[in-house]
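Peer 1: Sequence first, then the predicted structure:
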Amino acid sequence: QVQLVESGGGLVQAGGSLRLSCAASGRTFSRRAMSWFRQAPGKEREFVSGITNSGSSTYSTDSVKGRFTISRDNAKNMVYLQMNSLKPEDTAIYYCAAATGLIYSTVARAYDSWGQGTQVTVSS
């Protein structure tokens, strides 16, 4: 497993931007795909964006495509989520997750390490 700590959440107006960061510790980081999930009040946790271990491929759910960008820096053991054109429906707790393999998955059970989450609130 790896230990994950998210930061960068906060309160922003609709149309604004935030950049989430996830710091990872552990020697297996560069061999794991990484993803961001989110959970809104009263809703199931959902996949947002994923990136392969090398960073060569990314995927985002339809609701955030064109607005959110996931990236990683393996030299720094960091993963980022740049969120632009934020909408009130993006309000949620955002979690960083490390997959057990090289390829991301939209399914939570493919991840064995999770951060504590960071709150993102978008006001209208």
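Peer 2: Alright, I've got the coordinates.
Peer 1: which ones are touching R32?
Peer 2: By C-beta atoms under 8 Å, 6 or more residues apart in numbering, the residues touching R32 are V2, N53, A98, A99, T100, G101, L102. C-beta here means a position set from N, CA and C on the backbone, and glycine is covered the same way.
Peer 1: Buried members of those residues into PyMOL, please.
Peer 2: Typed into PyMOL, the line below selects the buried ones among the contacts of R32, using 16 or more other C-beta atoms under 10 Å:
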select buried, resi 2+53+98+99+100
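Peer 1: Now do stretch 7-25: distance to the chain's middle.
Peer 2: 10 Å (C-alpha atoms, centre = their mean, to the nearest Å).
Peer 1: And it, what's buried?
Peer 2: For stretch 7-25, a neighbour-count test (16+ other C-beta under 10 Å) marks G8, G9, V12, L18, L20, S21, C22, A23, A24 as buried.
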